[in-house]
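S.K.: pasted the sequence and its predicted model underneath.
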Amino acid sequence: MPYEGKGHFNCWNARKLVSNTDSQRLTVCMTHFLPGGGTDMAASIKERVYVCLAGSLKLNGQQEDEYLLEPGDMIYISPGELRSVRVIGTEPATMLVFIVDVE
């Protein structure tokens, strides 16, 4: 089901599996970013895993860390960790996101 991601821009988001509805603690989303798309710097109380399926994405972390994700790459984001995402280059990018409710 499509949704508007808070702090997301130039992208389209869809939930594929929803916590407390389809699963006990897991939500799975797919985000298609247009060139120039991304997210604002933010943190979440939930664990996340980002998997790049297409295109190139740059993640910036709270300590000015930078990570480049290309197809097949993944990164774990711990609860409370600040991060932002930006498309690198002129091609769209697709990211699969696994979100786990922390109890």
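M.R.: Now that the structure is in, tell me what you want to look at.
S.K.: got the contact list for the helix or strand harbouring residue 51?
M.R.: Using DSSP states H and E, residue 51 falls within strand 47-54. Residues from elsewhere that reach strand 47-54 (CB atoms under 8 Å, 6 or more residues apart in numbering): 30, 57, 59, 69-79, 85, 91-100, 102. (Each C-beta comes from the backbone N, C-alpha and C, glycine too.)
S.K.: and the nearest residue to residue 96 once chain neighbours are set aside, how many neighbours?
M.R.: Using CB to CB, 6 or more residues apart in numbering and skipping residues adjacent in sequence, the residue nearest residue 96 is residue 51, 4.3 Å away. Neighbour count of residue 51, defined by other CB atoms under 10 Å: 16.
S.K.: can you dump the C-alpha coordinates of stretch 33-53 into CSV?
M.R.: Taking C-alpha atoms only, stretch 33-53 is exported to CSV below (Å, rounded to 0.1, in the frame of the first residue of the first chain):
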residue,chain,number,x,y,z
PHE,A,33,13.7,7.4,-5.4
LEU,A,34,13.9,9.8,-8.4
PRO,A,35,17.2,11.5,-9.2
GLY,A,36,17.7,14.1,-6.5
GLY,A,37,15.5,12.2,-4.2
GLY,A,38,16.2,11.2,-0.6
THR,A,39,15.3,11.7,3.0
ASP,A,40,16.0,14.3,5.7
MET,A,41,18.4,13.5,8.5
ALA,A,42,16.3,11.7,11.2
ALA,A,43,16.4,8.9,13.7
SER,A,44,13.9,6.2,14.6
ILE,A,45,13.2,4.1,17.7
LYS,A,46,13.1,1.0,15.4
GLU,A,47,15.8,-1.2,13.9
ARG,A,48,16.2,-0.9,10.1
VAL,A,49,18.0,-2.7,7.3
TYR,A,50,18.3,-0.9,4.0
VAL,A,51,19.0,-3.0,0.8
CYS,A,52,19.8,-1.2,-2.4
LEU,A,53,18.1,-2.9,-5.3
